[in-house]
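*Asks:* my questions are about this predicted structure, shown below with the sequence.
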Amino acid sequence: MNSIHLRLFLAACGAATACYFGTAATLTAQSAAPPAAEKDPAADRDDTKDPAGTRRLAPEGKVWLDAKNKRVVMVGEVVLREGQLEMFACTKGTKEHESIVAVPTKAHVVHAALVALGAEPGSPAQFVPDYKPAHGPRIDITLFWTDANGKRQSARAQDWIRNVKTGKPMTEYWVFGGSGFWKDDQTGQEFYKAEDGDFICISNFNSAMLDLPIKSSQSNDALLFEALTDRIPPVGTKASIVLTPRLDEKAAKPKAPTVKPAARPNGK
């Protein structure tokens, strides 16, 4: 992300948050594994208060920066348990019909928080002139929720998603491609593309904030993933969604295809 775009994000998040981001951005590039569900303050879904050691990033959103553990904490709600998927999570009021979780936040706020932690976005998937997968820092996604018996539970986001070809939980991980901007030609104002709902994607979109680093079609007859219903709590369940950048790993960039020289006559 260039400095102009980062300033745009910080301005959108408010002056106080920008100051906090300035402090968080100096953190060392280490990625801490989330503690056990019963001990992790992020597991508490009382979203009327701030989890211990975190700071809320926008008054109207349910997103916190956990500088100590170098992660972003969100609170969302389960909105879908069955059927094929294009998203794991969307922003609230956008693509709930194809997402397991909806989060009441602006996508650019979460993008800014990841940048503040040291995650430098790569690029979203590209389709023209040739397909290139999304690339960028790996982002681990951990979920916390409370079951019907009042017991705290935790899982990886992949555990709520099934690969339709293998019948098993998804094994792929997400990368921080970072979406992009479009500009209103009349006003000159820039808009972050992921605000339309392409927040944490499973199918490839060139507007995705987080996406899979593999070819994953958005065509209805070729969708690769579906909800793993038996593992997803009831619709309406609040869940903490924790994004932890793998800051100790270099972002893998897609390799250029190898072009073999044409064979010569008689093998020469």
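*Replies:* Alright, I've got the coordinates.

*Asks:* burial of Lys49, as a residue count?
*Replies:* The number of residues packed near Lys49 is 8, by other C-beta atoms under 10 Å. C-betas here are computed from N, CA, C, even on glycine.

*Asks:* what about it, which SS state?
*Replies:* coil (DSSP: H, G, I helix; E, B strand; the rest coil).

*Asks:* pLDDT weak spots in the protein?
*Replies:* 1-39, 217-223, 250-268 (pLDDT under 70).

*Asks:* kindly recompute the last result at 50.
*Replies:* 1-5, 7-8, 11-35, 219, 251-252, 254-268 (pLDDT under 50).

*Asks:* am I right that Arg71 is in contact with Leu117?
*Replies:* Yes: at 7.3 Å, Arg71 counts as touching Leu117 under the criterion of C-beta atoms under 8 Å.

*Asks:* need the overlap of contacts for those two.
*Replies:* Pro245 (C-beta atoms under 8 Å, 6 or more residues apart in numbering).

*Asks:* grab the nearest non-local neighbour of His97.
*Replies:* Leaving aside its sequence neighbours, His97 sits nearest to Leu80 (C-beta to C-beta, 6 or more residues apart in numbering; 7.2 Å).

*Asks:* Asp66 now?
*Replies:* For Asp66, the closest residue by C-beta to C-beta, 6+ apart turns out to be Thr54, at 4.7 Å.

*Asks:* am I right that the residue nearest to His97 falls within a helix?
*Replies:* No: according to three-state DSSP, Leu80 belongs to no helix; its state is coil.

*Asks:* so who does it touch?
*Replies:* 96-100, 227, 235.

*Asks:* show the buried residues in those residues.
*Replies:* 96, 98-100, 227 (16 or more other C-beta atoms under 10 Å).
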